[in-house]
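Asker: Build the 3D model from these lines:
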Amino acid sequence: MEIEESRASGWVAWVLFGGILLVLLGAVHLTIGLVALTRPEILADTRSDHLLSVPLTAVAWVHLVLGVAALVTGVGLVRGLTWARVAAIGLAVLAALADFAFVAVYPVWSVTGIVLATLIAWAVAAHGGEVADAYGR
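Answerer: Okay, the predicted model is just below:
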């Protein structure tokens, strides 16, 4: 049995990290969406309730949809699927824009989110194909 040397760079770890973060982010969004639908009194009168003049039910459905999208995209990204790389870049850009909107409210978390989203989007764009190569696709 011959051992083959991998041509993947260290940036593959960032791609896989991005996939894992998307799965976790999807789980968090699904949880928040389900809580907002089933027990809205828990989230009522919170800081987020005052940022947008949108009904909590609408916010819950947005969280549910984004949660499912992030969860499915994260699994696809870890598996090296092409459509997941495109979706992951789109979700990372969306996350960076959302973090930018909240820089005045949560400066440290927002800047951290922007840096992570940018780094992961670049890693996926530049080295996402290496994950697919590792699976032999």
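Asker: To which secondary structure element is the spatially most central residue of the chain assigned?
Answerer: Centroid-nearest residue in the chain, with C-alpha atoms, centre = their mean: L22, separated by 3.6 Å. Taking DSSP states H and E as the criterion, L22 maps to helix 12-38.
Asker: circling back: contacts only, for the residue nearest to the residue nearest to the centre of the chain when sequence neighbours are not counted.
Answerer: Nearest non-adjacent residue to L22, counting by C-beta to C-beta, 6 or more residues apart in numbering: G74, 3.0 Å away. Heads up, the C-betas are built off the backbone N, CA and C, glycines and all. Taking C-beta atoms under 8 Å, 6 or more residues apart in numbering, we find G74 in contact with G18, G19, I20, L21, L22, V23, L24, L25, G26, A84, A88.
Asker: Of these, which is the nearest to T112?
Answerer: Nearest to T112 among the contacts of G74: L21, at 12.1 Å, using C-beta to C-beta.
Asker: can you list the weak-confidence ranges in the protein?
Answerer: Across the chain, residues meeting the criterion (pLDDT under 70) sit at 1-6, 43-52, 136-137.
Asker: picking that back up, greatest separation within the contacts of G74: which pair is it?
Answerer: The farthest-apart pair in these, when distances are taken by C-beta to C-beta, is L24 and A84, at 15.5 Å.
Asker: Could you check which of the two has the larger neighbour count?
Answerer: More neighbours surround A84 than the other of L24 and A84, with 24 against 13 (other C-beta atoms under 10 Å).
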